[in-house]
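> Model the following, please.
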Amino acid sequence: MSLSKGIQSAAAAALSAAMLIAVAACGTSDSADTASKSADSKDSSSTSSTQGFDTSGIKKDDEIAALLPDSVAGDGTLTVGTDTSYAPAEFLAEDGRTPVGFDVDLSKALAAVFGLKENTVSSTFDSIIPSVGSKYDIGISSFTVTKERMEAVDFVTYFKAGSTFVVQKGNPKKIDTSNLCGVKVAVQTGTTQEEEVNKDNEQCKADGKDAIDIQSSKLQTDVTTAVASGKADIFYADTPVAGYAIKQTGDTLEALGEDVGVTPEAVAVKKGDSKTAEAVQKAIQKLMDDGTYKKILDTWGVSSGAVDKAEINPSVE
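Numbers count the residues shown, from 1 in each chain. So this is what the prediction gives:
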């Protein structure tokens, strides 16, 4: 059953700030727009949530930069593939074209350490990993580390996040996350959350229960809207993304249950490109050790996901 017209209008109004950017540019085109510089002030506390952290003061580290192969550094630009529909990690600013978010700030910081220009290129989430090493030098897009993904790329960890279910405030449809059979569940295409819901669906069918109505969308903004508008009953996403969506929808939504499955997130590097992986690992560790990394996370309110060690291809279950 869909929402009443009045509630639909309220939900739409609450979503407008978060959705304006996605509607303007859809967040799927392979734009070559470079993330713009943030405000002149170097005090991260004085910047707004869409300006992010000012990375202009970060100096090149010649020793780390020398590790990068010419295939990455030769053109003077670090090209980063990202899905700009996943606030607050990576999304588009009010102009509908400038990538912002804590992953984007990290991309800028890495480029600064390497002495390169940074170019964040918007793409769909599921198309990034296959293009790392050809279209993109690296991929930074809230990639959860999994065995399957490590067969395609090498990973360098920099964050940790769980997964969270989100429903309309008050859980009017009385959704029980322990039994999603017959429920309309929205997920973003290619995410680990989609994989988990697909596994749950197979169990529903094996038990002779109604199948889960899985609504997979290319953009997380569409996933959020599906639940706020009543098209879907519940969505499943990374914890910081879920929290940001709840905030941006004016509390139209709420988290359901406890966060689950806290796992590392990582930068994707071309499989077998050990030089780039080492350079990225050392650059991230430098940013962690000198405090820049924490300032970036603090700017976006996601410091709870901080880690103190960057690792190449960590062991995962």
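> So which residues of this protein form strands?
Using DSSP state E, the strands of the chain run over residues 77-82, 91-92, 99-100, 117-122, 138-144, 153-168, 184-188, 213-217, 234-238, 253-270.
> Mind giving me the packing neighbours of the fourth one?
Where contact means 3 or more Cβ pairs under 8 Å, 6 or more residues apart in numbering; DSSP states H and E, strand 117-122 is packed against strand 77-82, helix 102-114. In this view, the C-beta of every residue, glycine as well, is placed from N, C-alpha and C.
> Would you tell me which one of the ones you listed is buried the most?
Counting by mean count of other Cβ atoms under 10 Å, helix 102-114 has the highest mean neighbour count of these, with a mean of 27.
> just how off-centre is it within its chain?
Centre-to-centre, helix 102-114 and its host chain are 15 Å apart (Cα atoms, centre = their mean, to the nearest Å).
> Can I get stretch 167-182 in PDB, CA atoms only?
Extracted in PDB, the C-alpha atoms of stretch 167-182 (Å, rounded to 0.1, in the frame of the first residue of the first chain):
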ATOM      1  CA  VAL A 167      12.200   1.700   7.600                       C
ATOM      2  CA  GLN A 168       9.600   4.500   7.700                       C
ATOM      3  CA  LYS A 169       9.500   6.100  11.200                       C
ATOM      4  CA  GLY A 170       7.500   4.100  13.600                       C
ATOM      5  CA  ASN A 171       7.900   0.900  11.400                       C
ATOM      6  CA  PRO A 172       4.200   1.200  10.300                       C
ATOM      7  CA  LYS A 173       4.400  -2.100   8.400                       C
ATOM      8  CA  LYS A 174       5.800  -3.900  11.400                       C
ATOM      9  CA  ILE A 175       8.800  -5.300   9.500                       C
ATOM     10  CA  ASP A 176      10.800  -8.000  11.300                       C
ATOM     11  CA  THR A 177      14.400  -8.200  10.000                       C
ATOM     12  CA  SER A 178      14.700 -11.800  11.100                       C
ATOM     13  CA  ASN A 179      12.000 -12.700   8.600                       C
ATOM     14  CA  LEU A 180      12.000 -10.700   5.400                       C
ATOM     15  CA  CYS A 181      10.100 -13.300   3.300                       C
ATOM     16  CA  GLY A 182       7.300 -11.600   1.400                       C
END
